[in-house]
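Engineer: Turn this into a structure:
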Amino acid sequence: MAFVTRQFVRSVSSSSAASAAAKKIIVKHVTVIGGGLMGAGIAQVIKTPMTSQKTFESLVDFSKALGKHPVSCKDTPGFIVNRLLVPYLMEAIRLHERGDASKEDIDTAMKLGAGYPMGPFELLDYVGLDTTKFIVDGWHELDVKDPKFQPSPALNKLVAEKKFGKKTGEGFYKYK
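Structural biologist: Residues are numbered from 1 along each chain as shown. Below is the predicted model of the structure:
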C-alpha cells in the first residue's frame with residue numbers, strides 16, 4: 001500500500017459573477033492511498049447526503065485542475081464503472097462455465113468485436129480474482145436473488161486454490 005501526500009494549492013471558483021463574491025476554498029493537502037493495480041489511477045468523488053454542495057463543487061473543480069474528468073453518481077454499489085463491469089465479467093465466466101466458448105475465444109471476441117483493450121478473462125486476471133470474488137460476494141449478500149451477482153464455481157475454485165491472476169502468477173491464465 002502506498003501513501004503519498006502532495007501539497008496542492010488551488011483557489012476554487014467559478015467564472016460566474018455570483019460566485020465571485022463567494023468565499024474561495026483552498027485545497028492544501030491531498031493524500032492518495034493506493035492498494036494495488038486499481039488504486040493507482042482511481043479517484044472517486046463519485047457525494048453523500050452530508051456533503052455540502054460547496055464542498056462537492058470544490059472537489060469537482062480540483063479534480064478538473066488535476067486534468068481528471070470527474071463524474072457524479074449516487075452512492076450505489078459499484079458506482080458506475082464496477083456496476084457495469086462486474087456483471088460483464090461474471091457473464092464471461094458463466095459463458096465459459098457452460099461450455100459456450102473457450103476463455104481465449106471470449107477474450108478475442110471482445111477485443112476484436114467490441115474494441116476492448118483486454119478480454120474479460122485477461123481483465124479478471126489483471127484486477128485479481130480475489131478482488132472480483134470479494135465484490136461479487138458483497139453484492140450477492142445485498143441481493144441474493146439478483147442473477148448478476150450469483151457466485152461462480154470456477155471463480156470460487158480458483159480463489160480457493162490461491163490462483164488470483166497476475167499477482168500470483170496464475171488465474172484463468174498462467175503468467176511467468
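Engineer: How about residue 88: what's its closest non-neighbour residue?
Structural biologist: Nearest non-adjacent residue to residue 88, counting by CB to CB, 6 or more residues apart in numbering: residue 120, 6.5 Å away. Just so you know, the C-beta spots here come from the backbone N, C-alpha and C atoms, and that holds for glycine as well.
Engineer: In CSV, list the C-alpha atoms belonging to the longest helix along the chain.
Structural biologist: In the chain, taking DSSP state H as the definition, the longest helix is helix 81-97. The C-alpha trace of helix 81-97 is given here as CSV (Å, rounded to 0.1, in the frame of the first residue of the first chain):
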residue,chain,number,x,y,z
VAL,A,81,-17.8,1.5,-13.7
ASN,A,82,-17.8,-1.5,-11.5
ARG,A,83,-21.6,-1.7,-11.6
LEU,A,84,-21.4,-2.2,-15.3
LEU,A,85,-18.0,-4.1,-15.4
VAL,A,86,-18.5,-6.8,-12.8
PRO,A,87,-21.7,-8.3,-14.3
TYR,A,88,-19.9,-8.3,-17.7
LEU,A,89,-17.0,-10.2,-16.2
MET,A,90,-19.3,-12.6,-14.4
GLU,A,91,-21.3,-13.3,-17.6
ALA,A,92,-18.0,-14.1,-19.4
ILE,A,93,-17.2,-16.6,-16.7
ARG,A,94,-20.7,-18.1,-17.0
LEU,A,95,-20.3,-18.5,-20.8
HIS,A,96,-17.1,-20.4,-20.2
GLU,A,97,-18.6,-22.5,-17.3
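Engineer: Follow the chain on from that helix and name the next helix or strand.
Structural biologist: The C-terminal neighbour of helix 81-97 among helices and strands, as given by DSSP states H and E, is helix 103-114.
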